[in-house]
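A.B. asks: heads up, no residue letters with this:
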């Protein structure tokens, strides 16, 4: 469990193990807000076997990591790049921090910089994209911190609690991200 | 209720896809890189007749199982054999009333002649029959004619994903155009 290949100040990433980590996901999804901040589809719960079955179908299109907190080596969330378009050099980013007590502490921001380092400097991606639920303002601020720019919004994409929210689309280009690292 | 056949326009109609028969023509079309771009990924390339046929069969099977995507053929009314292209409404999120629209016309000439009529059939189907709230499509920024045709049908540009499409040795933006059902009704003077 000491695969600290992608190290940050407070977190590191380790590979997601489909045989061992699904229980973590099931636990995180028990808080509906975790799902409602991440997915435009209705919040649902799956046991670890169902989770595993879902991931097995996707695994060739997803590179998933568990976000580990350094101080106590505890898993606190997941982060992944998926939906690669290799010839155009694009991938989609997904991230979730499990427990509410770990939200707003900068762990996600740090984890994103780690996975962008992998995507841009090793995989030679040209850009990384994401979509976010319009009401998830904390996530948007965090994406902006690592260099994502808002590129527009799908209007009224999400229907929840009898209301419509937009779905902002965001992207960061390799050269933009590298410039941000140099200025740090 | 409207008693006309919503699958039929003035000159064209939407029909089911018959993979074995339709694959021949689509495989030919795919030898244009522009057509192939909308049809294949990683990397863009033409597919043989048997590959296309198998792929169409898989799409129809997925559509039957998941009920979140629809694949139709666009044909001339004058002849069943006269395939013009394909219409995909995919990634449908029923709780949100969202769908991604792909219109694949066989050639540039067909596109020029029949895209507007296809879009008008498509919008009626998406909003009056599927009861979607909003549909959107993705078009590379260099395809200015298509962007204009979608705008004329009532779509508006909602996002510009920078340098998302690699084509002819350069990066190009991907434009997302969308339309809300209410806007379409208003435009048609129905509301």
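C.D. replies: Ah, there it is. No experiment lies behind these values; they were computed from the predicted model shown. Numbers count the residues shown, from 1 in each chain, chains lettered A, B, ... in the order given.

A.B. asks: which stretches in chain B count as helices?
C.D. replies: B:19-29, B:33-39, B:49-66, B:108-124, B:144-152, B:181-188 (DSSP state H).

A.B. asks: and the ones you listed, which one is worst for confidence?
C.D. replies: Mean pLDDT values for the helices of chain B show the minimum at helix B:33-39, a mean of 85.

A.B. asks: what parts of chain A come near chain B?
C.D. replies: Residues of chain A found near chain B (Cβ under 8 Å from any Cβ of the partner chain) are A:40-42, A:84-90, A:126-127, A:129, A:149, A:151-159, A:164, A:169, A:171, A:173. C-beta here means a position set from N, CA and C on the backbone, and glycine is covered the same way.

A.B. asks: list only buried entries from those residues.
C.D. replies: A:40, A:84-85, A:88-90, A:126-127, A:129, A:151-159, A:164, A:169, A:171, A:173 (16 or more other Cβ atoms under 10 Å in any protein chain shown).

A.B. asks: from the residues you listed, which land in helices?
C.D. replies: Per DSSP H, the subset of those in helices is empty.

A.B. asks: so what sits opposite the closest residue to chain B within chain A in the bridge?
C.D. replies: Going by Cβ to the nearest Cβ, chain B is nearest to residue A:152 of chain A, at 2.5 Å. Beta bridges link residue A:152 to residue A:169, residue B:159, judged by DSSP bridges.

A.B. asks: what about it, distance to residue A:97?
C.D. replies: 26 Å (Cβ to Cβ, to the nearest Å).

A.B. asks: now swap in residue A:179 and tell me
C.D. replies: Distance from residue A:179 to residue A:97, by Cβ to Cβ: 27 Å.

A.B. asks: those two: which has the busier surroundings?
C.D. replies: With neighbours defined as other Cβ atoms under 10 Å in any protein chain shown, residue A:179 and residue A:97 compare such that residue A:97 has more, 25 against 11.

A.B. asks: so the more buried one touches residue A:109, yeah?
C.D. replies: No - the criterion here is Cβ atoms under 8 Å, and residue A:97 misses it with residue A:109 at 10.4 Å.

A.B. asks: mind putting the helices of chain B in JSON lines, mean neighbour count and distance to residue B:83 included?
C.D. replies: Below are the helices of chain B laid out as JSON lines (neighbours: other Cβ atoms under 10 Å in any protein chain shown; distance: least, Cβ to Cβ, whole Å):
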{"stretch": "helix B:19-29", "mean neighbour count": "17", "distance to residue B:83": "5"}
{"stretch": "helix B:33-39", "mean neighbour count": "17", "distance to residue B:83": "13"}
{"stretch": "helix B:49-66", "mean neighbour count": "15", "distance to residue B:83": "12"}
{"stretch": "helix B:108-124", "mean neighbour count": "18", "distance to residue B:83": "9"}
{"stretch": "helix B:144-152", "mean neighbour count": "15", "distance to residue B:83": "19"}
{"stretch": "helix B:181-188", "mean neighbour count": "16", "distance to residue B:83": "27"}
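
A.B. asks: ignoring the adjacent residues along the chain, who's closest to residue B:69?
C.D. replies: residue B:90 (4.0 Å; Cβ to Cβ, 6 or more residues apart in numbering or on different chains).

A.B. asks: no, scratch that, I was asking about residue B:8
C.D. replies: residue B:77 (6.8 Å).

A.B. asks: mind listing what residue A:47 touches?
C.D. replies: residue A:26 (Cβ atoms under 8 Å, 6 or more residues apart in numbering or on different chains).

A.B. asks: same question, the one 4 residues further on
C.D. replies: Residues touching residue A:51, when contacts are defined by Cβ under 8 Å, 6+ apart, comprise A:22, A:25-26.

A.B. asks: check residue A:70 too.
C.D. replies: Per Cβ under 8 Å, 6+ apart, neighbours of residue A:70: A:8-12.

A.B. asks: and for residue B:181?
C.D. replies: Neighbours of residue B:181 in contact, by Cβ under 8 Å, 6+ apart: B:97, B:126-127, B:132-134.
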